[in-house]
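*Asks:* here's my sequence, what's the structure:
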Amino acid sequence: QVHLVESGGGLVSPGGSLRLSCAAAGRFFNTFIMGWFRQGPGKEREFVSSISWSIGRTDYADSVKGRFTIFRDNTRNMVYLQMNSLKSEDTAVYYCAAARGVTARDPSSFDYWGQGTRVTVSS
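*Replies:* All right, here's what the predicted structure looks like:
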């Protein structure tokens, strides 16, 4: 079992920055893929970014490419999402997720989920 806890959400003005953190605990393996998803008001959960735990290979949704950066600290079992140049459309609950193996950007390919942290971008 893997337990994920997100933190770092909050209210930020357009153009501002936030860093989300995800603490992972439990039976963790180097084959894991870590991902960030988000669900905005009235929207379906969507892929934001992912990173492979072992080699750090990253993937980003087009909507956040160039503004968001995912990175991990293997020694502390932490995954981060640095979000810059935030826009109102980034407002959502952000979820950390973990997949045991090969994944797509589909939420159904991820096996473990955190409870989410809310990000609100508003002036």
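
*Asks:* how about the spatially most central residue of the chain, nearest residue that isn't a chain neighbour?
*Replies:* Nearest to the geometric centre of the chain sits residue 36, at 2.1 Å (C-alpha atoms, centre = their mean). Nearest in space to residue 36, with sequence neighbours left out and distances taken as C-beta to C-beta, 6 or more residues apart in numbering, is residue 48 at 4.3 Å. From N, CA and C alone the C-beta is placed, and that goes for glycine too.

*Asks:* again, but for residue 35
*Replies:* residue 50 is the one closest to residue 35 (C-beta to C-beta, 6+ apart), at 4.0 Å.

*Asks:* and the strands in this structure?
*Replies:* 2-7, 10-12, 18-26, 33-39, 46-52, 58-60, 68-73, 78-83, 92-99, 112-113, 117-121 (DSSP state E).

*Asks:* returning to that earlier point: count the neighbours of the residue nearest to residue 36 for me.
*Replies:* 25 (other C-beta atoms under 10 Å).

*Asks:* before we move on, what about residue 110?
*Replies:* Neighbour number of residue 110 under other C-beta under 10 Å is 23.

*Asks:* could you pull up the residues touching it?
*Replies:* Applying C-beta atoms under 8 Å, 6 or more residues apart in numbering, we find residue 110 in contact with 33, 35, 37, 97-99, 103.

*Asks:* from those, which two are the most distant?
*Replies:* 33 and 37 (12.3 Å; C-beta to C-beta).

*Asks:* good, we can wrap up now.
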